[in-house]
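Undergrad: any chance you can model this:
(one chain, ligands or ions: 1)
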Amino acid sequence: MTMRRFACGGSVWAAKPSRLRRITGTGGQKVNPMLPADWDLIVVGGGPGGAAVALTQPADRRVLIVDRRRAPWRKPCDGILTPMSRRVLDGLSAGLVDRCGALPTRCLSVLDRDRNRTFDLVLHDHVMVDRQELDTRLRAGFATRPGVTFRDRAHALGWMERGDQMTVRVSHAGEVHTLTASVVVDATGAAGVARRSPRHLPPPTAVAVQFWYPSQGDPSRCDWIFDARATPFYMWAIHKPAGLLIGGVFPFAAARGGRNAIASLARSLGVTGSPWRVQGARVGMPRCRSDISVTANGALTVGEAANLVNAGTGEGISFALRSGVLCGRAIAATRRRIDAADLYSRAIAPLCAEALSKASHAQDLFTSARREAMPIDEVLVSVPWLSLELPA
Ligand SMILES: Cc1cc2nc3c(=O)[nH]c(=O)nc-3n(C[C@H](O)[C@H](O)[C@H](O)COP(=O)(O)OP(=O)(O)OC[C@H]3O[C@@H](n4cnc5c(N)ncnc54)[C@H](O)[C@@H]3O)c2cc1C
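TA: This is a model prediction of the structure:
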(Lines give C-alpha, C1' and ligand atoms only; values in the text may rest on other atoms or scores of the structure.)
Protein backbone atom coordinates (compact mmCIF):
# COMPACT_ATOMS: atom_id res chain seq x y z
CA MET A 1 0.00 0.00 0.00
CA THR A 2 1.34 3.44 -0.86
CA MET A 3 1.43 6.11 1.84
CA ARG A 4 1.00 9.81 1.17
CA ARG A 5 3.79 11.67 2.87
CA PHE A 6 4.11 15.27 3.92
CA ALA A 7 7.06 16.88 5.64
CA CYS A 8 6.23 18.85 8.75
CA GLY A 9 8.97 20.62 10.72
CA GLY A 10 11.50 17.89 10.12
CA SER A 11 9.11 15.00 10.78
CA VAL A 12 7.06 13.14 8.22
CA TRP A 13 3.31 12.69 8.57
CA ALA A 14 1.63 9.94 6.69
CA ALA A 15 -1.98 8.94 6.02
CA LYS A 16 -3.10 5.59 4.64
CA PRO A 17 -5.31 6.21 1.59
CA SER A 18 -7.66 3.47 2.80
CA ARG A 19 -8.53 5.63 5.81
CA LEU A 20 -9.39 8.65 3.68
CA ARG A 21 -12.93 7.50 3.01
CA ARG A 22 -15.88 9.67 2.00
CA ILE A 23 -17.62 11.03 5.04
CA THR A 24 -20.49 13.25 6.05
CA GLY A 25 -19.72 16.55 7.71
CA THR A 26 -20.38 18.49 10.91
CA GLY A 27 -22.66 16.84 13.44
CA GLY A 28 -23.89 14.24 10.96
CA GLN A 29 -25.23 16.79 8.43
CA LYS A 30 -24.19 16.47 4.79
CA VAL A 31 -21.72 19.22 3.93
CA ASN A 32 -19.94 20.22 0.80
CA PRO A 33 -16.62 18.37 0.96
CA MET A 34 -15.00 21.14 -1.08
CA LEU A 35 -12.97 23.55 1.01
CA PRO A 36 -11.90 26.97 -0.30
CA ALA A 37 -8.11 27.00 -0.60
CA ASP A 38 -7.31 30.38 0.97
CA TRP A 39 -7.93 31.44 4.56
CA ASP A 40 -6.83 34.21 6.87
CA LEU A 41 -6.57 31.76 9.74
CA ILE A 42 -6.66 27.98 10.07
CA VAL A 43 -7.16 26.64 13.59
CA VAL A 44 -6.30 22.95 14.00
CA GLY A 45 -8.24 21.44 16.93
CA GLY A 46 -11.71 22.36 18.19
CA GLY A 47 -11.22 21.88 21.96
CA PRO A 48 -11.34 24.80 24.42
CA GLY A 49 -8.05 26.28 23.14
CA GLY A 50 -9.06 26.29 19.46
CA ALA A 51 -12.59 27.42 20.32
CA ALA A 52 -11.28 30.45 22.22
CA VAL A 53 -9.10 31.45 19.23
CA ALA A 54 -12.05 31.18 16.80
CA LEU A 55 -14.42 33.02 19.13
CA THR A 56 -12.12 36.04 19.39
CA GLN A 57 -11.85 36.70 15.64
CA PRO A 58 -13.47 39.72 13.98
CA ALA A 59 -16.33 38.92 11.55
CA ASP A 60 -14.33 39.99 8.48
CA ARG A 61 -11.72 37.23 8.89
CA ARG A 62 -12.03 33.99 6.93
CA VAL A 63 -11.39 31.37 9.58
CA LEU A 64 -11.31 27.59 9.10
CA ILE A 65 -11.36 25.40 12.20
CA VAL A 66 -10.80 21.67 11.71
CA ASP A 67 -10.97 18.76 14.11
CA ARG A 68 -10.05 15.19 13.28
CA ARG A 69 -12.82 13.74 15.44
CA ARG A 70 -16.47 13.29 14.58
CA ALA A 71 -18.74 15.70 16.44
CA PRO A 72 -20.08 15.37 19.08
CA TRP A 73 -16.85 14.04 20.54
CA ARG A 74 -15.96 12.70 23.92
CA LYS A 75 -12.75 13.85 25.60
CA PRO A 76 -11.33 12.10 28.68
CA CYS A 77 -11.74 14.99 31.12
CA ASP A 78 -13.55 15.46 34.43
CA GLY A 79 -14.96 18.84 33.47
CA ILE A 80 -14.14 20.59 36.74
CA LEU A 81 -14.05 24.31 36.08
CA THR A 82 -11.98 26.58 38.29
CA PRO A 83 -13.27 30.11 39.00
CA MET A 84 -10.85 31.33 36.29
CA SER A 85 -12.26 28.90 33.67
CA ARG A 86 -15.77 30.09 34.51
CA ARG A 87 -14.81 33.75 34.13
CA VAL A 88 -13.14 33.22 30.75
CA LEU A 89 -16.03 31.10 29.45
CA ASP A 90 -18.51 33.76 30.53
CA GLY A 91 -16.46 36.40 28.69
CA LEU A 92 -16.54 34.27 25.52
CA SER A 93 -20.24 33.47 25.74
CA ALA A 94 -22.36 34.84 28.59
CA GLY A 95 -24.27 32.11 30.45
CA LEU A 96 -22.49 29.23 28.67
CA VAL A 97 -21.43 27.51 31.89
CA ASP A 98 -25.00 27.55 33.21
CA ARG A 99 -26.34 26.28 29.89
CA CYS A 100 -23.98 23.30 30.27
CA GLY A 101 -25.91 22.35 33.44
CA ALA A 102 -23.00 23.17 35.79
CA LEU A 103 -23.19 21.74 39.30
CA PRO A 104 -21.20 23.07 42.26
CA THR A 105 -18.23 21.03 43.47
CA ARG A 106 -18.01 21.93 47.13
CA CYS A 107 -15.91 19.36 48.88
CA LEU A 108 -12.50 17.92 48.22
CA SER A 109 -12.01 14.86 50.38
CA VAL A 110 -8.37 13.83 50.75
CA LEU A 111 -7.46 10.20 51.38
CA ASP A 112 -3.82 10.28 52.31
CA ARG A 113 -3.01 6.58 52.29
CA ASP A 114 0.68 7.25 52.74
CA ARG A 115 -0.12 8.59 56.21
CA ASN A 116 -3.34 6.71 56.80
CA ARG A 117 -5.48 9.84 57.20
CA THR A 118 -8.63 11.28 55.69
CA PHE A 119 -9.92 14.85 55.84
CA ASP A 120 -12.25 17.18 53.94
CA LEU A 121 -11.41 20.56 52.43
CA VAL A 122 -13.91 23.16 51.23
CA LEU A 123 -13.66 24.02 47.56
CA HIS A 124 -14.84 27.54 46.65
CA ASP A 125 -16.56 28.50 43.40
CA HIS A 126 -15.66 25.37 41.46
CA VAL A 127 -18.28 23.69 39.29
CA MET A 128 -18.39 20.54 37.24
CA VAL A 129 -19.83 20.22 33.76
CA ASP A 130 -20.13 17.36 31.35
CA ARG A 131 -17.09 17.85 29.12
CA GLN A 132 -18.87 16.63 25.99
CA GLU A 133 -21.60 19.21 26.62
CA LEU A 134 -19.02 21.97 27.10
CA ASP A 135 -17.26 21.11 23.83
CA THR A 136 -20.60 20.88 22.00
CA ARG A 137 -21.68 24.32 23.21
CA LEU A 138 -18.32 25.90 22.39
CA ARG A 139 -18.50 24.33 18.95
CA ALA A 140 -22.03 25.65 18.41
CA GLY A 141 -20.69 29.11 19.35
CA PHE A 142 -17.83 29.20 16.87
CA ALA A 143 -19.45 27.22 14.05
CA THR A 144 -22.27 29.77 13.73
CA ARG A 145 -20.02 32.80 13.95
CA PRO A 146 -19.77 35.04 10.86
CA GLY A 147 -16.59 34.27 8.89
CA VAL A 148 -15.93 30.92 10.63
CA THR A 149 -16.16 27.57 8.81
CA PHE A 150 -15.92 24.39 10.86
CA ARG A 151 -15.22 20.86 9.66
CA ASP A 152 -15.13 17.80 11.87
CA ARG A 153 -13.43 14.59 10.72
CA ALA A 154 -10.91 16.87 9.07
CA HIS A 155 -7.42 15.71 9.98
CA ALA A 156 -4.54 18.16 9.57
CA LEU A 157 -1.67 16.01 8.31
CA GLY A 158 0.91 18.76 8.67
CA TRP A 159 1.85 22.26 7.68
CA MET A 160 4.84 24.30 6.60
CA GLU A 161 5.90 27.89 6.16
CA ARG A 162 6.01 29.16 2.59
CA GLY A 163 7.17 32.80 2.54
CA ASP A 164 4.56 34.92 4.32
CA GLN A 165 1.96 32.17 4.02
CA MET A 166 1.44 28.77 5.64
CA THR A 167 0.48 25.66 3.68
CA VAL A 168 -1.68 23.12 5.50
CA ARG A 169 -2.60 19.61 4.32
CA VAL A 170 -5.99 18.47 5.54
CA SER A 171 -7.55 15.08 4.94
CA HIS A 172 -11.33 15.56 4.73
CA ALA A 173 -14.21 13.86 2.96
CA GLY A 174 -12.00 11.37 1.21
CA GLU A 175 -9.62 13.97 -0.21
CA VAL A 176 -6.36 15.52 0.86
CA HIS A 177 -6.71 19.31 0.50
CA THR A 178 -3.75 21.65 0.30
CA LEU A 179 -4.83 24.94 1.88
CA THR A 180 -3.06 28.20 2.55
CA ALA A 181 -3.50 30.66 5.42
CA SER A 182 -1.78 33.74 6.76
CA VAL A 183 -1.73 32.23 10.25
CA VAL A 184 -2.06 28.67 11.58
CA VAL A 185 -2.91 27.88 15.20
CA ASP A 186 -2.01 24.48 16.63
CA ALA A 187 -4.68 23.65 19.23
CA THR A 188 -4.25 19.89 18.89
CA GLY A 189 -3.84 19.06 22.59
CA ALA A 190 -1.40 16.70 24.32
CA ALA A 191 -1.54 14.01 21.63
CA GLY A 192 -1.50 16.43 18.71
CA VAL A 193 0.85 17.75 16.10
CA ALA A 194 3.26 19.92 18.12
CA ARG A 195 3.66 17.32 20.88
CA ARG A 196 4.64 14.66 18.34
CA SER A 197 7.28 16.80 16.70
CA PRO A 198 10.62 15.85 18.25
CA ARG A 199 12.12 19.23 17.34
CA HIS A 200 9.87 21.35 19.47
CA LEU A 201 8.49 19.93 22.67
CA PRO A 202 9.17 16.98 24.91
CA PRO A 203 6.45 14.34 24.60
CA PRO A 204 3.74 14.27 27.29
CA THR A 205 5.19 13.07 30.55
CA ALA A 206 2.37 11.00 32.02
CA VAL A 207 -0.78 9.06 31.25
CA ALA A 208 -4.21 9.53 32.84
CA VAL A 209 -6.30 6.36 33.17
CA GLN A 210 -9.95 6.68 34.08
CA PHE A 211 -12.86 4.24 34.62
CA TRP A 212 -16.54 5.25 34.58
CA TYR A 213 -18.79 3.39 37.02
CA PRO A 214 -22.56 3.65 37.60
CA SER A 215 -23.42 6.83 39.60
CA GLN A 216 -23.06 6.57 43.36
CA GLY A 217 -22.22 9.03 46.13
CA ASP A 218 -22.70 12.75 46.64
CA PRO A 219 -22.36 14.60 43.30
CA SER A 220 -20.85 17.73 44.84
CA ARG A 221 -17.83 15.84 46.13
CA CYS A 222 -14.52 14.69 44.78
CA ASP A 223 -11.89 12.58 46.43
CA TRP A 224 -8.17 12.85 45.90
CA ILE A 225 -6.23 9.76 46.82
CA PHE A 226 -2.52 9.76 47.52
CA ASP A 227 -0.90 6.35 47.58
CA ALA A 228 2.76 6.17 46.66
CA ARG A 229 2.52 2.39 46.15
CA ALA A 230 0.15 2.97 43.22
CA THR A 231 1.53 6.16 41.67
CA PRO A 232 3.91 8.98 42.49
CA PHE A 233 1.17 11.36 41.24
CA TYR A 234 -2.41 11.10 42.48
CA MET A 235 -5.72 9.33 41.92
CA TRP A 236 -9.27 10.62 42.11
CA ALA A 237 -12.90 9.62 42.54
CA ILE A 238 -15.33 12.19 41.16
CA HIS A 239 -19.02 11.74 41.78
CA LYS A 240 -20.86 13.11 38.75
CA PRO A 241 -24.56 12.78 37.90
CA ALA A 242 -23.65 10.74 34.80
CA GLY A 243 -21.37 8.35 36.64
CA LEU A 244 -18.57 7.91 39.12
CA LEU A 245 -15.16 8.54 37.65
CA ILE A 246 -12.21 6.80 39.21
CA GLY A 247 -8.87 7.65 37.71
CA GLY A 248 -5.26 8.50 38.25
CA VAL A 249 -2.16 9.97 36.67
CA PHE A 250 0.71 7.53 36.16
CA PRO A 251 4.23 7.83 34.78
CA PHE A 252 4.39 6.74 31.12
CA ALA A 253 6.22 3.53 31.93
CA ALA A 254 3.60 2.53 34.54
CA ALA A 255 0.51 3.23 32.39
CA ARG A 256 -0.33 -0.47 31.97
CA GLY A 257 -0.24 -1.03 35.73
CA GLY A 258 -2.49 2.04 36.07
CA ARG A 259 -5.53 0.04 35.02
CA ASN A 260 -4.93 -2.50 37.79
CA ALA A 261 -4.29 0.30 40.29
CA ILE A 262 -7.62 1.98 39.39
CA ALA A 263 -9.56 -1.29 39.56
CA SER A 264 -8.06 -2.05 42.96
CA LEU A 265 -8.74 1.51 44.18
CA ALA A 266 -12.40 1.13 43.15
CA ARG A 267 -12.65 -2.13 45.09
CA SER A 268 -11.09 -0.58 48.18
CA LEU A 269 -13.54 2.36 48.00
CA GLY A 270 -16.46 -0.10 47.97
CA VAL A 271 -17.61 0.96 44.50
CA THR A 272 -20.46 -1.17 43.17
CA GLY A 273 -21.00 -2.29 39.56
CA SER A 274 -18.56 -2.68 36.68
CA PRO A 275 -16.94 0.10 34.69
CA TRP A 276 -18.87 0.95 31.52
CA ARG A 277 -16.13 3.04 29.98
CA VAL A 278 -12.34 3.03 30.28
CA GLN A 279 -10.35 6.01 29.05
CA GLY A 280 -6.68 6.83 28.70
CA ALA A 281 -5.03 10.12 27.72
CA ARG A 282 -1.58 11.58 27.59
CA VAL A 283 -0.94 14.50 29.89
CA GLY A 284 1.88 16.99 30.02
CA MET A 285 3.61 18.68 32.91
CA PRO A 286 6.03 21.53 32.17
CA ARG A 287 9.17 21.29 34.27
CA CYS A 288 11.08 24.28 32.88
CA ARG A 289 10.24 27.27 30.67
CA SER A 290 11.58 25.57 27.53
CA ASP A 291 8.95 22.81 28.01
CA ILE A 292 6.32 25.42 27.12
CA SER A 293 6.43 26.45 23.48
CA VAL A 294 3.96 28.99 22.12
CA THR A 295 5.14 28.58 18.53
CA ALA A 296 6.02 25.34 16.73
CA ASN A 297 6.56 24.52 13.03
CA GLY A 298 5.56 28.09 12.11
CA ALA A 299 2.21 27.80 13.93
CA LEU A 300 1.11 29.53 17.12
CA THR A 301 0.33 26.92 19.78
CA VAL A 302 -2.31 27.12 22.52
CA GLY A 303 -3.47 24.95 25.43
CA GLU A 304 -2.01 21.52 25.86
CA ALA A 305 -0.30 21.68 22.47
CA ALA A 306 1.89 24.36 24.07
CA ASN A 307 2.18 22.16 27.21
CA LEU A 308 0.13 24.63 29.24
CA VAL A 309 -1.39 22.18 31.72
CA ASN A 310 -0.91 20.97 35.24
CA ALA A 311 -1.03 17.20 35.49
CA GLY A 312 -0.57 17.55 39.23
CA THR A 313 -4.00 19.09 39.79
CA GLY A 314 -5.66 18.26 36.46
CA GLU A 315 -6.10 21.94 35.63
CA GLY A 316 -5.95 22.41 31.85
CA ILE A 317 -9.19 23.99 30.63
CA SER A 318 -8.39 27.41 32.08
CA PHE A 319 -4.92 27.40 30.44
CA ALA A 320 -6.38 26.34 27.10
CA LEU A 321 -9.06 29.04 27.22
CA ARG A 322 -6.76 31.82 28.38
CA SER A 323 -3.98 31.04 25.91
CA GLY A 324 -6.66 30.75 23.17
CA VAL A 325 -8.03 34.20 24.01
CA LEU A 326 -4.55 35.78 24.09
CA CYS A 327 -3.58 34.10 20.83
CA GLY A 328 -6.90 35.03 19.19
CA ARG A 329 -6.54 38.68 20.21
CA ALA A 330 -2.98 38.84 18.89
CA ILE A 331 -4.12 37.45 15.52
CA ALA A 332 -7.13 39.79 15.46
CA ALA A 333 -4.81 42.77 15.95
CA THR A 334 -2.66 42.08 12.87
CA ARG A 335 -2.84 40.08 9.65
CA ARG A 336 0.91 39.34 9.63
CA ARG A 337 1.94 36.03 11.18
CA ILE A 338 5.26 37.30 12.43
CA ASP A 339 3.63 40.24 14.23
CA ALA A 340 0.90 38.03 15.66
CA ALA A 341 3.55 35.61 16.98
CA ASP A 342 5.44 38.50 18.55
CA LEU A 343 2.32 39.98 20.19
CA TYR A 344 1.21 36.56 21.42
CA SER A 345 4.63 35.63 22.85
CA ARG A 346 4.72 38.82 24.85
CA ALA A 347 1.11 38.64 26.05
CA ILE A 348 1.38 35.03 27.19
CA ALA A 349 4.56 35.35 29.26
CA PRO A 350 2.72 35.76 32.61
CA LEU A 351 0.46 32.76 31.84
CA CYS A 352 3.53 30.61 31.07
CA ALA A 353 5.07 31.69 34.36
CA GLU A 354 1.85 30.81 36.19
CA ALA A 355 1.60 27.38 34.53
CA LEU A 356 5.19 26.62 35.34
CA SER A 357 4.94 27.73 38.94
CA LYS A 358 1.74 25.71 39.46
CA ALA A 359 3.19 22.63 37.80
CA SER A 360 6.45 22.72 39.72
CA HIS A 361 4.58 23.39 42.95
CA ALA A 362 2.24 20.46 42.22
CA GLN A 363 5.12 18.21 41.26
CA ASP A 364 6.78 19.07 44.53
CA LEU A 365 3.60 18.37 46.43
CA PHE A 366 2.40 15.29 44.68
CA THR A 367 5.52 13.29 44.10
CA SER A 368 6.25 10.97 46.95
CA ALA A 369 9.46 12.37 48.47
CA ARG A 370 7.91 15.71 49.38
CA ARG A 371 4.58 14.15 50.27
CA GLU A 372 6.22 12.11 52.96
CA ALA A 373 8.01 15.13 54.37
CA MET A 374 5.01 17.40 54.85
CA PRO A 375 1.38 16.80 55.86
CA ILE A 376 -0.72 16.93 52.73
CA ASP A 377 -3.40 19.17 54.24
CA GLU A 378 -0.79 21.83 55.00
CA VAL A 379 0.54 21.43 51.53
CA LEU A 380 -2.86 21.69 49.85
CA VAL A 381 -3.94 24.83 51.62
CA SER A 382 -0.67 26.47 50.67
CA VAL A 383 -1.71 26.27 47.02
CA PRO A 384 -3.63 29.53 46.56
CA TRP A 385 -5.26 28.70 43.20
CA LEU A 386 -7.07 25.72 44.71
CA SER A 387 -9.12 28.15 46.87
CA LEU A 388 -9.16 25.65 49.69
CA GLU A 389 -9.70 26.15 53.37
CA LEU A 390 -9.32 23.73 56.22
CA PRO A 391 -12.44 23.07 58.27
CA ALA A 392 -12.52 25.05 61.54
C1 LIG B 1 -8.51 12.36 32.64
C2 LIG B 1 -8.37 13.85 32.53
C3 LIG B 1 -9.15 14.66 33.36
C4 LIG B 1 -9.06 16.05 33.24
N5 LIG B 1 -9.86 16.82 34.04
C6 LIG B 1 -9.79 18.16 33.96
C7 LIG B 1 -10.62 18.98 34.77
O8 LIG B 1 -11.45 18.47 35.53
N9 LIG B 1 -10.50 20.34 34.69
C10 LIG B 1 -9.59 20.93 33.85
O11 LIG B 1 -9.49 22.16 33.83
N12 LIG B 1 -8.80 20.16 33.02
C13 LIG B 1 -8.89 18.82 33.07
N14 LIG B 1 -8.10 18.05 32.25
C15 LIG B 1 -7.21 18.72 31.28
C16 LIG B 1 -8.05 19.24 30.09
O17 LIG B 1 -8.88 18.22 29.59
C18 LIG B 1 -7.11 19.70 28.95
O19 LIG B 1 -6.05 20.44 29.48
C20 LIG B 1 -7.85 20.56 27.92
O21 LIG B 1 -8.82 19.78 27.25
C22 LIG B 1 -6.87 21.09 26.88
O23 LIG B 1 -7.59 21.76 25.89
P24 LIG B 1 -6.97 21.91 24.41
O25 LIG B 1 -7.95 22.72 23.64
O26 LIG B 1 -5.58 22.39 24.51
O27 LIG B 1 -6.88 20.42 23.83
P28 LIG B 1 -8.00 19.29 23.63
O29 LIG B 1 -9.19 19.53 24.46
O30 LIG B 1 -7.27 18.00 23.76
O31 LIG B 1 -8.44 19.47 22.10
C32 LIG B 1 -7.56 19.16 21.04
C33 LIG B 1 -8.40 18.87 19.81
O34 LIG B 1 -7.52 18.77 18.67
C35 LIG B 1 -7.98 17.73 17.83
N36 LIG B 1 -6.83 17.29 17.02
C37 LIG B 1 -5.69 16.69 17.45
N38 LIG B 1 -4.87 16.47 16.41
C39 LIG B 1 -5.50 16.93 15.30
C40 LIG B 1 -5.15 16.98 13.92
N41 LIG B 1 -3.98 16.52 13.47
N42 LIG B 1 -6.05 17.50 13.05
C43 LIG B 1 -7.25 17.98 13.48
N44 LIG B 1 -7.62 17.95 14.78
C45 LIG B 1 -6.75 17.44 15.68
C46 LIG B 1 -8.48 16.66 18.80
O47 LIG B 1 -9.43 15.82 18.15
C48 LIG B 1 -9.12 17.54 19.89
O49 LIG B 1 -10.51 17.75 19.70
C50 LIG B 1 -8.16 16.65 32.33
C51 LIG B 1 -7.37 15.83 31.51
C52 LIG B 1 -7.47 14.45 31.61
C53 LIG B 1 -6.61 13.59 30.72
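
Undergrad: looking at this, Arg106 is in a strand?
TA: Yes: assessed with DSSP: H, G, I helix; E, B strand; the rest coil, Arg106 lies in a strand.

Undergrad: residues in contact with it?
TA: 122-123, 126, 220-221 (CB atoms under 8 Å, 6 or more residues apart in numbering). Using the backbone N, CA and C atoms, a C-beta is placed for each residue, glycine as well.

Undergrad: reformat those as CSV; add pLDDT, distance to Gln57 and secondary structure.
TA: Listed next are those as CSV, based on pLDDT from 0 to 100; distance: CB to CB, whole Å; DSSP: H, G, I helix; E, B strand; the rest coil:
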residue, pLDDT, distance to Gln57, secondary structure
Val122, 79, 39, strand
Leu123, 78, 34, strand
His126, 88, 30, strand
Ser220, 78, 37, coil
Arg221, 79, 39, strand
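
Undergrad: quick one: buried ones out of the residues you listed?
TA: 123, 126, 221 (16 or more other CB atoms under 10 Å).

Undergrad: what's across from the residue nearest to the last one when sequence neighbours are not counted in the sheet?
TA: What that stands for is Arg221. Leaving aside its chain neighbours, Arg221 sits nearest to Cys107 (4.6 Å; criterion: CB to CB, 6 or more residues apart in numbering). Assessed by DSSP bridges, Cys107 has beta-bridge partners Val122, Arg221.

Undergrad: count of neighbours near Cys107?
TA: 16 (other CB atoms under 10 Å).

Undergrad: dump the residue contacts of it.
TA: Cys107 sits next to 120-123, 218, 220-222 when contact means CB under 8 Å, 6+ apart.

Undergrad: ok, now with 10 Å
TA: Counting by CB atoms under 10 Å, 6 or more residues apart in numbering, Cys107 touches 120-123, 218, 220-223, 239, 391.

Undergrad: which of these sits closest to the ligand?
TA: The nearest member of the contacts of Cys107 to the ligand, counting by CB to the nearest ligand atom, is Cys222 at 8.9 Å.

Undergrad: isn't that closest one up against Ile80?
TA: Yes: using CB atoms under 10 Å, Cys222 makes contact with Ile80 at a distance of 7.3 Å.

Undergrad: mind listing the shared neighbours of those two?
TA: 105, 108, 123, 126, 128, 236, 238, 240, 314.

Undergrad: and the ligand, which of the residues you listed reach it?
TA: Near the ligand, taking CB under 6 Å from any ligand atom as the test, the members of the shared contacts of Cys222 and Ile80 found are Gly314.

Undergrad: now the shared contacts of Cys222 and Ile80 in TSV, with distance to Phe150?
TA: Below are those laid out as TSV (distance: CB to CB, whole Å):
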residue	distance to Phe150
Thr105	31
Leu108	36
Leu123	34
His126	30
Met128	26
Trp236	32
Ile238	30
Lys240	28
Gly314	27
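
Undergrad: so which of the shared contacts of Cys222 and Ile80 comes closest to the ligand?
TA: Once CB to the nearest ligand atom is applied, the member of the shared contacts of Cys222 and Ile80 that ends up nearest the ligand is Gly314, at 4.3 Å.

Undergrad: surely that closest one touches Tyr234?
TA: Yes: between Gly314 and Tyr234 there is a contact under CB under 10 Å: 8.8 Å.

Undergrad: to what extent is Ile229 buried, counted in neighbours?
TA: For the record, residue 229 is Arg, not Ile. 8.

Undergrad: let me fix that: Ala253
TA: Neighbours of Ala253 (other CB under 10 Å): 9.

Undergrad: now it: how far from the ligand?
TA: Counting by CB to the nearest ligand atom, to the nearest Å, the gap from Ala253 to the ligand is 18 Å.

Undergrad: now Cys77
TA: Cys77 is 4 Å from the ligand, by CB to the nearest ligand atom.

Undergrad: just checking, that residue is part of a strand?
TA: No: read with three-state DSSP, Cys77 is coil and lies in no strand.
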